[in-house]
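Engineer: show me the folded form of this:
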Amino acid sequence: MTKHVRRQETTEDLRLVKGEMGAIHCFSEPEVRAFSDYINQHLGADPDLNGILPLDNHDLFPAVSNGLLLVKLINMSNPETIDERVVNKRPKNEFQMRENHDLALNSASAIGCCTVNLGANDMLAGTNHLVLGLIWQIIRIGLVRKINLNDCPALRRRLADAFGEDLATLLQLSPEELLLRWVNYHLQNAQVDKRISNFSTDIKDSEAYAHLLNQIAPKDVKTRMYGPMDILSRRDPDTRAEYVLENADKLDAREFLTPQDIVAGEAKLNLAFVANLFNKYPALSTAEEEEESQEDIVFETREEKTFRNWINSLGLKSGDGRWTANYLNDIYHGLSNGLFILAIVDTIKPGEVQWKRILYPPFRPSEAQIKSRQNCKYAIEHSGNLAGVKLVSIGGDDIYDQRRTLVLGLVWQLMRAYTRRLLLSLSEDLPLSKSQADMDSFVISWVNQTLEEGGKSSRIRDFKDKSIATSIPIIELIDVIREGVVDHDLVHPNPTNPEEVMSNARLAVNWGRKAGAAMYALPEDIVEVKPKMVMTIF
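Structural biologist: Have a look, this model is predicted:
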């Protein structure tokens with residue numbers, strides 16, 4: 001059975017904290033409790049966390065101070081993101097703690113967390129609202145990682161049959177929207193009138209949960225659970241909610257929620273609870289049906305995922321503050337109203353976008369296409385004003401119509417322009433010419449010069465150089481830039497098999513992040529010498 005960590009409850013749902021500059025921030029007490037319990041339950045047996053876990057009361061905030069807890073949480077949510085060989089598991093000083101935080105924050109960014117305005121100082125200080133916000137992003141990514149049509153294709157068949165939605169529509173839905181439909185699918189099968197459209201007010205009476213758990217429970221467990229009528233015959237909301245959670249306990253799924261959280265409609269915690277139920281008991285189909293449902297599913301490529309995670313990490317918003325980006329779940333649909341692209345352009349070149357002429361959703365159905373196409377037209381226009389961006393055979397309609405090759409080409413150029421802006425902030429010697437070849441030559445010359453001055457033997461001709469596949473040029477460059485980051489005992493200087501090659505690549509990416517670099521490229525990109533991704537590494 002699930003073990004629970006008991007802690008003293010507070011009557012306040014929100015705690016106010018005064019920042020150093022006098023700003024007032026708040027954080028949620030129920031979220032602190034829920035996330036602490038979740039961490040205790042899933043990481044409590046990790047010997048590396050002895051002395052940090054279990055968490056109690058407000059131990060969560062000081063517990064992140066050495067960076068190790070964040071590293072472990074990231075790897076739990078997205079396995080193998082961080083190679084733990086590079087982690088300072090027993091940091092001896094603040095410098096080693098900062099290295100852990102740089103590694104954790106850059107790795108969180110690489111999996112799609114927004115880390116804008118977050119730094120090692122915030123984590124070292126245990127700044128409440130910032131720590132809690134990052135932890136929620138990491139936990140959420142882990143919970144919804146497989147809530148999509150690729151990993152659960154039976155969703156497509158069941159939801160299409162139940163609600164008449166085609167594949168194109170379902171592919172556009174966020175994990176939260178898919179979960180809402182999943183709950184309503186089971187409510188429909190229960191032949192009740194109840195439906196939900198959110199994880200807050202629609203959940204408070206426990207009716208949806210009473211029927212949902214009854215629908216998804218295995219037969220041998222269901223006989224030991226309260227039936228829906230046993231629960232709903234209780235008039236007291238807290239009693240209803242407690243019965244629901246006792247049922248969840250029998251399913252080994254009592255996580256995140258207290259009865260008070262259900263009654264209060266704590267949206268994040270209810271979302272987490274439902275996502276956990278889905279991951280354990282989707283109750284959708286047999287294995288044979290899932291195999292059949294794979295037909296016509298277009299799987300997200302590694303390149304698409306890398307670009308999507310990069311966009312999510314930017315914390316995009318419009319220059320006039322009227323629009324803030326939601327989490328981008330599908331790169332093609334998400335970009336199709338032009339706003340993401342416009343915000344990326346304005347991040348690269350502040351003031352470029354004339355936000356007064358941009359059209360914001362929600363749009364009326366009759367106007368949605370016209371206004372979205374107009375925004376896409378503006379997006380292409382402004383993208384063309386960025387140094388190094390060349391727009392050939394692409395227009396706003398191509399973005400709206402989700403033409404994959406053209407959209408990916410544009411996003412790659414925007415990522416390259418973003419990298420160029422970072423380089424300009426670090427070096428006044430970077431050529432201002434719009435020629436990408438000039439920038440590439442500058443970077444390659446800088447790499448080789450830095451390696452030579454550092455006494456290293458590696459050199460690269462271009463971003464397609466076969467020696468890059470060994471990761472040695474990257475590792476040696478990191479060693480020159482940040483002395484002490486590289487552990488030479490772990491490196492295979494002349495890798496002779498795929499395992500050694502991949503081991504070096506994993507180390508290169510992780511040491512780069514530990515040294516403070518925001519690396520979105522993956523070890524596979526290095527091994528396969530993907531020039532686009534390799535350029536972003538250097």
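Engineer: which residues touch residue 228?
Structural biologist: Contacts for residue 228 (C-beta atoms under 8 Å, 6 or more residues apart in numbering) come out as 190, 210-211, 214. Placement of C-beta: from N, CA and C, glycine included.
Engineer: below-threshold pLDDT in the stretch 351-500 of the chain: ranges please.
Structural biologist: Counting by pLDDT under 70, the stretch 351-500 of the chain contains low-confidence ranges at 426-435.
Engineer: ditto for the stretch 51-200 of the chain
Structural biologist: Residues of the stretch 51-200 of the chain that meet the criterion pLDDT under 70 lie in 57.
Engineer: residue farthest from the centroid of the chain?
Structural biologist: residue 233 (40.7 Å; C-alpha atoms, centre = their mean).
Engineer: can you show me the helices along the stretch 301-450 of the chain?
Structural biologist: Counting by DSSP state H, counting those that start in this stretch, the segments of the stretch 301-450 of the chain that form helices are 302-313, 331-335, 339-348, 368-383, 396-400, 404-426, 436-453.
Engineer: touching the last one from outside, list them.
Structural biologist: With C-beta under 8 Å, 6+ apart as the test, helix 436-453 has contacts from 388, 390, 416, 420, 423, 427, 429-431, 457-463, 473, 476-477, 480-481, 535, 538.
Engineer: the third one too?
Structural biologist: When contacts are defined by C-beta under 8 Å, 6+ apart, helix 339-348 is touched by residues 311, 314, 316-319, 323, 325, 328, 334-335, 352-353, 355, 358, 360-361, 375-376, 378-379, 382-383, 385-386, 399, 410, 414, 417-418, 421.
Engineer: before we move on, back to that, now, the most widely separated pair of the contacts of residue 228?
Structural biologist: 190 and 210 (9.3 Å; C-beta to C-beta).
Engineer: more neighbours, those two?
Structural biologist: residue 210 (25 against 16; other C-beta atoms under 10 Å).
Engineer: all the helices of the stretch 101-250 of the chain, residue numbers only.
Structural biologist: Going by DSSP H, counting those that start in this stretch, the stretch 101-250 of the chain shows helices at 120-124, 128-144, 154-163, 167-171, 175-189, 207-216, 219-222, 228-232, 237-250.
Engineer: how close does residue 473 get to residue 487?
Structural biologist: Taken as C-beta to C-beta, to the nearest Å, the spacing of residue 473 relative to residue 487 amounts to 18 Å.
Engineer: returning to what we had before: so which of the helices of the stretch 101-250 of the chain comes closest to residue 90?
Structural biologist: Ranking the helices of the stretch 101-250 of the chain by proximity to residue 90 (C-beta to C-beta) places helix 120-124 first, at 16.5 Å.
Engineer: report all helices and strands that that closest one contacts.
Structural biologist: Applying 3 or more C-beta pairs under 8 Å, 6 or more residues apart in numbering; DSSP states H and E, one finds that helix 120-124 contacts helix 94-110, helix 128-144.
Engineer: which of the residues in it are classified as buried?
Structural biologist: Buried positions in helix 120-124, judged by neighbour count with 16 or more other C-beta atoms under 10 Å: 120, 122-124.
Engineer: make JSON lines from the helices of the stretch 301-450 of the chain and add distance to residue 178 and mean neighbour count to it.
Structural biologist: Shown next, in JSON lines, are those (distance: least, C-beta to C-beta, whole Å; neighbours: other C-beta atoms under 10 Å):
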{"stretch": "helix 302-313", "distance to residue 178": "17", "mean neighbour count": "20"}
{"stretch": "helix 331-335", "distance to residue 178": "14", "mean neighbour count": "20"}
{"stretch": "helix 339-348", "distance to residue 178": "21", "mean neighbour count": "24"}
{"stretch": "helix 368-383", "distance to residue 178": "21", "mean neighbour count": "19"}
{"stretch": "helix 396-400", "distance to residue 178": "24", "mean neighbour count": "19"}
{"stretch": "helix 404-426", "distance to residue 178": "22", "mean neighbour count": "17"}
{"stretch": "helix 436-453", "distance to residue 178": "39", "mean neighbour count": "16"}
